[in-house]
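Asks: Attaching a predicted model along with its sequence, questions to come.
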Amino acid sequence: MLTVEDLWVDVGGKQVLKGVNFEIPDGRTHILFGKNGSGKTTLLLTLIGFSAYEVVQGRILFKGIDITRMPVNERVQLGMGVSFQRPPAVRGLLTRQMADICNRSGADYKELAERLNFTDFLDRELNVGFSGGEMKRSEMLQLMLQKPDFIMLDEPESGVDIENMHLIGKVASELLERHLNRTRKRSGLIITHTGYILDYLNADLGYVMIDGAIVCSGNPYQIFSTINEKGFEECANCTI
Ligand SMILES: Nc1ncnc2c1ncn2[C@@H]1O[C@H](COP(=O)(O)OP(=O)(O)OP(=O)(O)O)[C@@H](O)[C@H]1O
Ligand SMILES: [Mg+2]
């Protein structure tokens with residue numbers, strides 16, 4: 001589904017990613033761990049194609065197509081979707097209008113909005129004045145309507161209370177895992193610090209990013225418990 005080869009990325013004149021390599025097969029969910037400032041969000045925003053992230057070396061293949069220089073809208077058309085760590089506020093655009101843009105199949109999403117405790121926010125401007133947890137629910141609503149083949153979640157738990165975490169976890173599971181009449185799992189890359197989202201998914205592989213490079217890969221649940229017990233330094237000692 002996704003192959004990243006020797007990816008070097010500069011942002012704002014700073015070299016942030018330094019030779020990132022990994023591959024996510026179809027139907028697999030991989031987890032990205034790493035300290036604050038290690039380059040996780042930079043990787044996701046490079047994958048979705050934001051122009052501020054300058055690829056100075058390497059390439060990104062999605063569904064076998066080289067998308068390294070492809071604009072964001074074409075990547076989304078190809079089946080990429082992302083929930084941002086800090087979604088942008090957009091004045092003049094109602095959340096309902098954004099949901100309609102994502103809703104390519106024209107599904108009735110009244111029930112989904114209710115499940116996400118989100119009905120009251122649809123007629124507000126997108127993310128304008130939204131609390132942390134409200135923004136995350138807004139992002140999940142958009143992804144549920146978009147149904148991308150490859151789903152990136154950047155800290156889906158941040159700012160989310162325990163009850164809403166349960167909602168978000170269930171929705172993430174519906175997006176990624178086999179569900180009702182969908183026998184195929186989707187593919188995903190998820191960044192988490194707290195690990196709460198891991199309770200709702202069958203994650204296949206975990207990575208640890210340190211200073212712009214992936215230094216370790218393995219069972220994501222084991223990696224998470226190692227980080228909890230011994231910190232990231234222990235992961236730096238691991239050789240892939
Ligand atoms: N536009 C920019 N200009 C300058 N530096 C930037 C820019 N964007 C990101 N950086 C720097 O790149 C580094 C990696 O940032 P990034 O947001 O990818 O980290 P992260 O791993 O997602 O961290 P966190 O866990 O805190 O979200 C940081 O040192 C950050 O300050
Ligand atoms: Mg980040």
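Replies: Good, I have the coordinates. Ligands and ions are numbered 1, 2, ... in the order given.
Asks: so where do the helices sit in the protein?
Replies: Ranges of helices within the chain are 40-48, 72-78, 95-102, 110-115, 132-146, 162-176, 220-230, 232-236, based on DSSP state H.
Asks: Tell me how many other residues crowd the residue of the chain found nearest ligand 2.
Replies: Residue nearest to ligand 2 within the chain (Cβ to the ion): residue 41, separated by 3.1 Å. Using the backbone N, CA and C atoms, a C-beta is placed for each residue, glycine as well. Neighbours of residue 41 under the rule other Cβ atoms under 10 Å: 20.
Asks: ok, it - contacts?
Replies: Residue 41 is in contact with 85, 154, 191, counting by Cβ atoms under 8 Å, 6 or more residues apart in numbering.
Asks: Tell me the buried residues within those.
Replies: Using 16 or more other Cβ atoms under 10 Å as the burial test, the contacts of residue 41 include 85, 154, 191 as buried.
Asks: Switch the residues you listed over to TSV; also include distance to residue 9 and pLDDT.
Replies: Listed next are the buried ones among the contacts of residue 41 as TSV, based on distance: Cβ to Cβ, whole Å; pLDDT from 0 to 100:
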residue	distance to residue 9	pLDDT
85	16	94
154	16	97
191	16	97
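Asks: filter the residues you listed down to the ones close to ligand 1.
Replies: Applying Cβ under 6 Å from any ligand atom, the subset of those adjacent to ligand 1 comprises residue 85.
Asks: Return the subset of the buried ones among the contacts of residue 41 lying in strands.
Replies: 154, 191 (DSSP state E).
Asks: Show me what from this protein comes close to ligand 1.
Replies: Counting by Cβ under 6 Å from any ligand atom, the positions of the chain adjacent to ligand 1 are 11-12, 14, 16, 34, 36-42, 52, 85.
Asks: Point out the ones among these that are inside strands.
Replies: Counting by DSSP E, those place 11, 14, 16, 34 in strands.
Asks: okay, those residues in JSON lines with neighbour count, pLDDT and distance to ligand 2 next?
Replies: Output for those, formatted as JSON lines (neighbours: other Cβ atoms under 10 Å; pLDDT from 0 to 100; distance: Cβ to the ion, whole Å):
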{"residue": "11", "neighbour count": "17", "pLDDT": "97", "distance to ligand 2": "12"}
{"residue": "14", "neighbour count": "9", "pLDDT": "97", "distance to ligand 2": "15"}
{"residue": "16", "neighbour count": "21", "pLDDT": "98", "distance to ligand 2": "11"}
{"residue": "34", "neighbour count": "25", "pLDDT": "96", "distance to ligand 2": "9"}
